[in-house]
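S.K.: Any chance you can model this:
(2 chains)
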Amino acid sequence: MENIAVKEDTPLLEMRGITKDFPGVRALDHVHLTVRRGTVHALMGENGAGKSTLMKCLFGIYEKDAGDVLLEGRPVEFKSPRHALDQGVAMVHQELNQALSRSVMDNIWLGRYPARFGFVSQGEMYQKTEHVFKDLGLSIDPRRIMSTMSVAERQMAEIAKAVSYDAKIIVLDEPTSSLTEEEVGHLFRIIRMLRERGCGIIYISHKMEEILQISDDITVMRDGTHVATEPAAQMTMERIIHLMVGRELSNRFPPRISKPGEVIFRTEGLTSRYANVKNVSITLRQGEIVGLAGLAGAGRSELMENIFGISARECGKLYLGDREIRNRNPREAISNGFALLTEERRATGIFGILNITDNTTVTSLKNYRRLRFLLSDRKRREDTDRMIRRLAVKTASRETQIRTLSGGNQQKVILARWLLTTPTILMLDEPTRGIDVGAKYEIYQLMEELAAAGKSILMASGELPELMGICHRIYVLSGGEITGEVDAATVTQEEIMTLAAKNV
Amino acid sequence: MKIKIIEKFKAMDKRERRIYCRELLINNSLYIFLVAAIVLIQCVNPRFLSWPSIINIISLSAANLPIALGIAGAIILTGTDLSAGRIVGLVACVSAALLQSSSYAGKMFPGLNTLPIFVVFLIVIAIGALIGFVNGFCTATFHLHPFIVTLSTQLIVYGALLLFLMTGNNNGQSLSGLDPSFTNFIKGSVLSLGGTPIPNYVFYVLILTAIMWVVWNKTTFGKNMFAVGSNPDAANVSGVNVKRVIILVFMLAGALYGMTGFIEAARIGSNSAATGLNYELDAIAACVIGGVSFVGGTGKISGVILGVVLLRLIFVGLTFLGIDANMQYIIKGLIILIACAIDMRKYLVRR
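M.R.: Here you go, the predicted structure:
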């Protein structure tokens, strides 16, 4: 077997007829995927289309029910991600699984430390890591502790780990979801370098601009089936969306119906004690959607956390109408009519093991009290069902654990939670991150409806087209300060980027 | 509903049916185990299912239920409480000291008239809640793991108990000679089954359990407790006063240990510094067997009851089987381990 010369045109990786059944659902139905040597292959599809399931079948996290996997023409069956890694198939996860309190090199060589008689050779490990980093053009000290590094650097370390295993296939799952433009540029340089060496990259992402920029082939999946594989050069954004949703989405953004009124909320010289927020003064009108733009680390989330009373305020004032308010903690902010949809859905949004009813009503429990302390389950159920219908949450029932829903549906449930508190000021931090095109549109539409009904929305996002498409006005943050205020209708991406880079 | 399940089962193919049955077995493994254990023990020793034996198991379970209900709250918050047993011991001794018969020669405080039972009850519940407050306050304010906090308070409470036993005329003696009104109130009986009297405290515990069910399932506090246990950061953002919830959970737990101690004082009759020793360990085991998971945010009152009864049944059953006392420890340990391993399967993602 070993001696058979691998022909140039043999695909690096071939998955054929992959089928996976879960009780009651067919998650994958005869899906095929062919990755050519030295190419970047984008895998696209809405959440729930089966991308992750396909990858889990590749890595042996799930046992596939039918189908074959061929690596350089040889049939393989990986038992675990570790087994796949040993054969040169690596995955860089969206949620990096790293030992954060250990150093970079400890993480890279974990499970195969260079050792003599059971003693780990720190020097050898250091040199080997240096070697790999130099190769990739990375300037990270191998001795640095993971937790002190940015997400981008940790991701680079993870890719370096894959390279250190001589990986032929590297799967990148939503690699840019928390990177700045500049970091994305660096990542793409590394991807191109790996491609030139003959690696095959499977690139999973929702970001179309990036996909069209970096990939050679695009495979689109929908509802567990393979829809199309075409060269990226022949694809357009409209066509990809069409293939993904199976219907035409003529507009990425809903028509504008909201009209801003009087100023309802303003801040004066808001400064955080520990976080990166300096002297921020902004205004928000009734029925207005205001965007917060900026590079990662510019202080977008931190500003919202400051307003909501999560992080300590050094100085600065908040005015709701003419009244000065304090918002010393989330409870006070909520009672002043504020709501905050946080960026990290899993860390600070959902109660994973609780059901949808509990997740929806947790902030408004006071409204369901009968006889002063008993909760009315009937009313809680009614409100939850109403919200499930209104936001079109796809779920079996309101008793379903929220962790089993897709990202977009989880986001809708958290939105429902905040809507039940009837807020006047809704702050949304990356409300559409990691959710699919269809659900994104629904969330934009909901925002537009809320604004039209007189709610004010403050929205932070790293995706400029999104901010420009949905907001009335945009504040640009850089290094924790406001560096500009622009009209979303007339501004260009370049102008925003210039403002965002001002204090870097 | 039942017919629907049958129809659904008929519609499945062979493989789906196998998976369905396996799930059913795993999800109900505790009940199956319970029935199997009863049948086995009954076959070996037919006296096992006699009224005196059944009521013995019920009353022993009832005595241990309040402490388990208290600890369950701490476990739902992904914590634990190692001070429970010592609080029970302290409270039992305080109850006994305050409710000794005035005619008893070795009375701890000879000058003290026997206090009304209800007053003593309130005092000891307050003591339990106060220690619980300290546990909760330290956990919430200093962000310490409750394991550390209660490891410390457990020692402090034990020291206080030893000092208390040295006060008055007592000089470290066991406390006995309780006032008959107290003993009667707890151990007396108004109802018999098959000629065996059911002690009154079983009914008190039943009422308490019903109250706890309401607290867990029907109050804002209960919902907040599960939310904090499931994701404290999300709870904070959602406007839950996380610190207050943690303190209240531990205070409630302390009050429940107070209840246990109050019952134990009369049930045991002669209380010393050893009263309550290691009670928390049985209670934690019962909770975990009953599906109150250390993962946090999950647990049901019914599960705690099941866990307590199952554990008690095993303890009593092993004696009925005539198994050597030393061997019993090994078997108990294995059963807890196996029960939890099976239970954990529910939470694992299956491939």
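S.K.: Isn't A:Asn499 up against A:Ile482?
M.R.: Residue A:499: Leu, not Asn. No - checked against Cβ atoms under 8 Å, the pair A:Leu499 and A:Ile482 is beyond contact range at 9.2 Å. Yep, even glycine has a C-beta here, placed from its N, CA and C like the rest.
S.K.: Need the overlap of contacts for those two.
M.R.: Taking Cβ atoms under 8 Å, 6 or more residues apart in numbering or on different chains as the contact rule, A:Leu499 and A:Ile482 both touch A:Val476.
S.K.: Point me to the residue sitting closest to the centre of the chain.
M.R.: Reading this off chain A. With distances taken as Cα atoms, centre = their mean, the residue of chain A nearest its centroid is A:Gly434 (3.8 Å).
S.K.: was after chain B, sorry
M.R.: Centre-nearest of chain B using Cα atoms, centre = their mean is B:Ala68, 1.9 Å out.
S.K.: Any stretches of chain B with poor pLDDT?
M.R.: Within chain B, the segments meeting pLDDT under 70 span B:1-3, B:343, B:346-351.
S.K.: what about B:Thr275, helix or strand, and which?
M.R.: Assigned by DSSP states H and E, B:Thr275 belongs to no helix or strand.
S.K.: Spatially nearest residue to A:Lys366 (excluding sequence neighbours)?
M.R.: Of all residues not flanking A:Lys366 in the chain, B:Thr220 sits nearest, at 6.7 Å (Cβ to Cβ, 6 or more residues apart in numbering or on different chains).
S.K.: check contacts around the closest residue to chain B within the stretch 351-500 of chain A.
M.R.: Here the stretch 351-500 of chain A gets closest to chain B at one residue, A:Phe351, 4.0 Å apart by Cβ to the nearest Cβ. For A:Phe351, the contacting residues are A:358-359, A:362, A:402, B:226-227, B:230-231, B:234-235, B:297, by Cβ under 8 Å, 6+ apart.
S.K.: Reformat the residues you listed as a markdown table; add secondary structure and neighbour count.
M.R.: Listed next are the contacts of A:Phe351 as a markdown table, based on DSSP: H, G, I helix; E, B strand; the rest coil; neighbours: other Cβ atoms under 10 Å in any protein chain shown:
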| residue | secondary structure | neighbour count |
| --- | --- | --- |
| A:Asp358 | helix | 23 |
| A:Asn359 | helix | 30 |
| A:Val362 | helix | 24 |
| A:Ile402 | helix | 24 |
| B:Phe226 | helix | 23 |
| B:Ala227 | helix | 25 |
| B:Ser230 | helix | 26 |
| B:Asn231 | coil | 23 |
| B:Ala234 | helix | 26 |
| B:Ala235 | helix | 24 |
| B:Gly297 | coil | 21 |
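S.K.: Give the bridge partners for A:Leu318, please.
M.R.: Beta-bridge partners of A:Leu318, counted by DSSP bridges, are A:Thr267, A:Ile325.
S.K.: Can you name the residues that contact it?
M.R.: Taking Cβ under 8 Å, 6+ apart, one finds A:265-268, A:270, A:307, A:324-327 in contact with A:Leu318.
S.K.: same question, A:Gln445
M.R.: A:Pro254.
S.K.: Let's verify it: helix, strand, or coil?
M.R.: Following DSSP: H, G, I helix; E, B strand; the rest coil, the label given to A:Gln445 is helix.
S.K.: What pLDDT does the model give it?
M.R.: We note a pLDDT of 92 for A:Gln445 in this prediction.
S.K.: about what we covered before: closest one of the contacts of A:Leu318 to chain B?
M.R.: Closest to chain B, out of all of the contacts of A:Leu318 and judged by Cβ to the nearest Cβ, is A:Asn327, at 11.5 Å.
S.K.: next one: the host helix or strand of A:Thr498 to chain centre, how far?
M.R.: Secondary structure assignment for A:Thr498, by DSSP H and E: helix A:493-500. The chain centre lies 22 Å from the centre of helix A:493-500; the measure is Cα atoms, centre = their mean, to the nearest Å.
S.K.: what does it contact?
M.R.: Contacts of helix A:493-500 (Cβ under 8 Å, 6+ apart): A:181, A:293-295, A:298, A:464-465, A:467-468, A:474, A:476-478, A:483-484, A:486.
S.K.: for those, which one is nearest A:Asp223?
M.R.: Nearest to A:Asp223 out of those is A:Pro465 (Cβ to Cβ; 26.7 Å).
S.K.: residues touching the closest one, list them.
M.R.: A:209, A:252, A:493.
S.K.: helix/strand/coil for A:Ile241?
M.R.: Going by three-state DSSP: A:Ile241 is helix.
S.K.: Hmm, it is touching A:Val437, no?
M.R.: Yes - counting by Cβ under 8 Å, A:Ile241 does reach A:Val437; the two are 5.8 Å apart.
S.K.: re the thing from before, list phi and psi for the residue nearest to the centre of chain B.
M.R.: phi -70, psi -40 (degrees, to the nearest 10).
S.K.: Would you mind confirming that it is in contact with B:Val309?
M.R.: No - with contact taken as Cβ under 8 Å, B:Ala68 and B:Val309 are classed as non-touching, separated by 10.3 Å.
S.K.: how about the closest residue to B:Thr167 other than its chain neighbours, phi and psi?
M.R.: Nearest in space to B:Thr167, with sequence neighbours left out and distances taken as Cβ to Cβ, 6+ apart, is B:Met108 at 7.4 Å. With angles defined as degrees, to the nearest 10, B:Met108 sits at phi -70, psi -50.
S.K.: Residues touching the worst-scoring helix or strand of chain A on mean pLDDT, excluding its own?
M.R.: The helix or strand of chain A with the lowest confidence, counting by mean pLDDT, DSSP states H and E, is strand A:115-116 at a mean of 79. Applying Cβ under 8 Å, 6+ apart, the contact partners of strand A:115-116 are A:Ser121.
S.K.: How far away from the center of its chain is it?
M.R.: 40 Å.
S.K.: I'd say the residue nearest to A:Lys366 and A:Leu375 touch.
M.R.: Yes - applying Cβ under 8 Å as the test, B:Thr220 and A:Leu375 come out as touching, 6.6 Å apart.
S.K.: Cheers, nothing more for now.
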